[in-house]
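Novice: Need a 3D model of the sequence below.
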Amino acid sequence: MQTPAYRFLRGYTLDPGFSTILETYKVNETIYRINWEDVGAGPSGEYLEIIDYDPASQCYYEAIDLDQPAVMANQGLRPSEGNPQFHQQFVYTIGMKTIEHFEKALGRKVIWRAPEGLDHARTKLRIYPHALRQANAYYSPNKKAILFGYFKAGTHTKGSNFPGGTIFTCLSPDIIAHEMTHAVLDSIHPLFGENTNLDVAAFHEGFADVVALLQRFSTRDLVEHELERTKGRMDQRNVFGSLASQMGQALQSGHSALREAIGRYDEDQNWTRNKPDPLKFQETRQAHERGALFVAAIFDAFIDLYTFKTKDLFRIANIVPGTEGIVSVDLIKRLAQEAAEIAQHLLQICIQALDYVPPFDISFGDYLRALVTADLEMAPADEYGYRVSLIQAFRSWGIYPDQLNTLSIESLRWEPVPNLSNLDKKVLKVVKNRIRDDVRDLWAMKRREDISRQSNKIQEILQFMLGEQLPDQQNTKAAPPKEWEQFMERLGLTTKAISFSYQGKPIPFLNPIPRIEVQSLRPVNRYSREGRQLDQLIVTLTQTLEVGSGRFKGLKFRGGCTIILSMEEDDRIEYLIYKRIQSERRFLRQLAFQLGTDSEKGIQQHSVYEEENPFGDVEFQHLHNHAL
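Specialist: Numbering: from 1, shown residues only. Below is the predicted model:
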């Protein structure tokens, strides 16, 4: 019997409360199509393991079996706020849908990072739908698990909620996708969990919101419904810019949603579009609020692209967007097709940009450059202006890279590696010849366990090859050749002892000549929007300085790079994206931020959960440790 290609499962398109509103009840339930895999009770598949233990009630809920005939025949359980088995089905569904978006964009399988203390990757991410009796949900990098909470709504009446009703965060597709994105991002860039500057935690939050919101456009009925209501406009009040509406409305503060990307209601309940303010980004310190400005910039780019790409459709229909009158069903369908395509392309660009950033200490400026570079790789022609719209939106919100003279595409693109020296070519050729066959074997593998094992093998080979070139760590007089020293500096690394000072006193580093580490190795095998095939290998190298004593004991400062290697026959480094370990300026900036002694004071000093906004990823801030 042939294995099915897909599994079809019912679920909400928005939060459950929209099913009790006359305007949206018909579009708030859909049937999701996810890639088929063999699953056990839980559900428990190749990527996810749903464990439904409720510590507050001290009980396990019976696990759903998606292969039961009654469940399969009805395309899963019907959406239900009161059925724990549907909760299990829904977190699995949205979790797998999120993974599919990442794998399609990245051109490789998602491999979860190993829990602390283990040297192998965990094959399954654990999800607990009823882990907390509180208004929170978070991803735990230590446990490699996502924990969802449930809580009582406030005593006020707001939206579709009723006073004192129970709200389950595991029933919000936005919250599920948001937390899944934290998990996937941690698997790609684990060092993004270190708050080394004002943007790091904000990027995690903003990026997770972007993924959650752009995924909504894959539900065509919902897109058509909203466009029909707004007469074809995307810059009007609609559900696509509101994240976790039910949770936001359930809080005592009575928000219309947890976060808004397009506009918001004022005190008189009048909706107004967010206006870009280039000064606001510099003034905003809190992680979720700073990340929300990044989300607003992405949505501004989306709206501009939608307006640009649909002008001809409105002209053909002889309609001015947003005016009174009847917009035909056929026009709505075409507009929805354009909106979904733009959202899909933007989502892919945003995900692919993760391969073009430094492996640590990320800033939104770094990410803008990564967006431009990634899209140039995938669509050099850029017929519809995706890059220009992103640059324009970031500029309008005051989000700029450091140390650039212009915001042109040429300036923002990471500079391709110029002509290599003879030593560079020799080193690169030796490395590629040594690992080429292993990388090709890696591309041919289908099982995630095999991919993880093979990646680790190649990392060990590279680690050994780099280690052979370094002087003995205890013998600083055994200096390597000058050419090798210069090659390491081009990678943001060093072979010499590092000495930094603070207020005239030297920093007592434990390891002034830090060890070079192969942080990660990621194969890329994907096709661009214009049909080009990219076969690349992405390697991240790091060095870490650690303060050994005194006031700053335990502080870690990293340097290193992301190397994008072409795996074609020519010996070519396509991009080299680095942050220098020898940068005393960056070290002092990180030190000032983590001490809270400058204008960047904010993120490092308090828990997001202790703020008014409860949708904080508490464990991700390294502040709590819930045991299940």
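Novice: Could you use CA atoms for every contact and neighbour count after this?
Specialist: Will do.
Novice: Would you mind extracting the C-alpha trace of stretch 572-580 into PDB?
Specialist: C-alpha atoms of stretch 572-580 as PDB (Å, rounded to 0.1, in the frame of the first residue of the first chain):
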ATOM      1  CA  ARG A 572      35.400  29.900  -3.700                       C
ATOM      2  CA  ILE A 573      34.300  31.500  -0.400                       C
ATOM      3  CA  GLU A 574      31.100  33.300  -1.500                       C
ATOM      4  CA  TYR A 575      30.700  35.300   1.700                       C
ATOM      5  CA  LEU A 576      32.600  35.900   4.900                       C
ATOM      6  CA  ILE A 577      30.500  37.500   7.600                       C
ATOM      7  CA  TYR A 578      32.500  38.200  10.700                       C
ATOM      8  CA  LYS A 579      32.800  40.000  14.000                       C
ATOM      9  CA  ARG A 580      36.400  40.400  15.100                       C
END
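Novice: In that stretch, which residues are buried?
Specialist: Buried residues in stretch 572-580, defined by neighbour count with 16 or more other Cα atoms under 10 Å: 572-573, 575-580.
Novice: ok, now stretch 556-576?
Specialist: In stretch 556-576, residues buried by neighbour count (16+ other Cα under 10 Å) are 556-567, 571-573, 575-576.
Novice: Average pLDDT for it, rounded please.
Specialist: pLDDT averaged over stretch 556-576 equals 85, rounded to a whole number.
Novice: And for stretch 23-35?
Specialist: Stretch 23-35 comes out at a mean pLDDT of 93.
Novice: what about that stretch, how long is it end to end?
Specialist: End-to-end distance of stretch 23-35 (Cα to Cα, to the nearest Å): 31 Å.
Novice: Over to stretch 189-198?
Specialist: The first and final residues of stretch 189-198 sit 17 Å from each other (Cα to Cα).
Novice: which parts of it are buried?
Specialist: 189-198.
Novice: Pull the residues that contact stretch 196-212.
Specialist: Residues from elsewhere that reach stretch 196-212, judged by Cα atoms under 8 Å, 6 or more residues apart in numbering: 173-175, 177-179, 181-182, 185, 192-195, 243, 285-295, 298, 347, 361-364, 589-590, 593-594, 600, 602-603.
Novice: Give me the buried positions along that stretch.
Specialist: Taking 16+ other Cα under 10 Å as the basis for neighbour counts, the residues of stretch 196-212 that come out buried are 196-212.
Novice: so how far is it from its chain's centroid?
Specialist: On the basis of Cα atoms, centre = their mean, to the nearest Å, the separation between the geometric centre of stretch 196-212 and that of its chain is 7 Å.
Novice: Number the residues from 50 up from this point.
Specialist: Okay, using 50 as the starting number, the last item reads as stretch 245-261.
Novice: I'd like the average pLDDT over it.
Specialist: Taken as a whole, stretch 245-261 has a mean pLDDT of 94.
Novice: Give me the distance between stretch 258-266 and the centre of its chain.
Specialist: Distance of stretch 258-266 from the chain centroid (Cα atoms, centre = their mean) equals 11 Å.
Novice: do stretch 343-358 as well
Specialist: Relative to its chain's centre, stretch 343-358 lies at 18 Å (Cα atoms, centre = their mean).
Novice: so how far is L362 from S377?
Specialist: With distances defined as Cα to Cα, the gap from S377 to L362 amounts to 11 Å.
Novice: Neighbour count for those two, which is higher?
Specialist: Taking neighbours as other Cα atoms under 10 Å, S377 and L362 compare with L362 leading, 14 against 11.
Novice: Helix or strand: which one has the closest residue to that one other than its chain neighbours?
Specialist: Nearest-residue entry for L362: L380, 7.4 Å, with adjacent residues in sequence omitted and distances by Cα to Cα, 6 or more residues apart in numbering. Applying DSSP states H and E as the criterion places L380 in helix 378-401.
Novice: now for that helix, which elements pack on it?
Specialist: Using 3 or more Cα pairs under 8 Å, 6 or more residues apart in numbering; DSSP states H and E as the contact definition, the elements that helix 378-401 packs against are helix 133-155, helix 249-264, helix 269-278, helix 336-358, helix 360-366, helix 413-427.
Novice: if we go to 6 Å?
Specialist: helix 133-155 (3 or more Cα pairs under 6 Å, 6 or more residues apart in numbering; DSSP states H and E).
Novice: Let me know the angle separating the helix it packs on from helix 249-264.
Specialist: For helix 133-155 against helix 249-264, the angle between stretch directions is 100 degrees (axes from the mean of the first three to the mean of the last three Cα atoms, to 10 degrees).
Novice: residues in contact with helix 133-155?
Specialist: Residues outside helix 133-155 that contact it (Cα atoms under 6 Å, 6 or more residues apart in numbering): 113, 126, 158, 397, 401.
Novice: want to throw those into CSV with distance to R182?
Specialist: As requested, the contacts of helix 133-155 are arranged in CSV below (distance: Cα to Cα, whole Å):
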residue, distance to R182
I113, 22
L126, 24
K158, 34
Q397, 35
Q401, 36
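Novice: Show me where the stretch 450-599 of the chain has its helices.
Specialist: 458-461, 471-493, 497-518, 531-539 (DSSP state H, counting those that start in this stretch).
Novice: Grab the CA positions of the longest one and hand them over as CSV.
Specialist: In CSV, the C-alpha atoms belonging to helix 471-493 read as follows (Å, rounded to 0.1, in the frame of the first residue of the first chain):
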residue,chain,number,x,y,z
ASN,A,471,47.7,32.0,-2.4
LEU,A,472,47.5,30.8,1.2
ASP,A,473,43.7,31.3,1.3
LYS,A,474,43.3,29.3,-1.9
LYS,A,475,45.6,26.5,-0.5
VAL,A,476,43.8,26.3,2.8
LEU,A,477,40.4,26.3,1.1
LYS,A,478,41.4,23.7,-1.4
VAL,A,479,42.7,21.4,1.3
VAL,A,480,39.6,21.8,3.4
LYS,A,481,37.2,21.3,0.6
ASN,A,482,39.0,18.3,-0.8
ARG,A,483,39.0,16.7,2.7
ILE,A,484,35.3,17.1,3.3
ARG,A,485,33.8,17.2,-0.2
ASP,A,486,32.7,13.6,-0.3
ASP,A,487,31.4,13.7,3.3
VAL,A,488,29.3,16.8,2.4
ARG,A,489,27.9,15.1,-0.7
ASP,A,490,27.0,12.1,1.5
LEU,A,491,25.3,14.5,3.8
TRP,A,492,23.1,15.9,1.1
ALA,A,493,22.0,12.4,0.1
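Novice: Distance from it to the middle of the chain?
Specialist: If you compare the mean C-alpha spot of helix 471-493 with that of the full chain, they lie 29 Å apart, counting by Cα atoms, centre = their mean.
Novice: any idea how far the residue nearest to R436 when sequence neighbours are not counted is from V406?
Specialist: The spatially closest residue to R436, leaving aside those adjacent along the chain, is V421, at 5.9 Å (Cα to Cα, 6+ apart). With the distance defined as Cα to Cα, V421 ends up 11 Å from V406.
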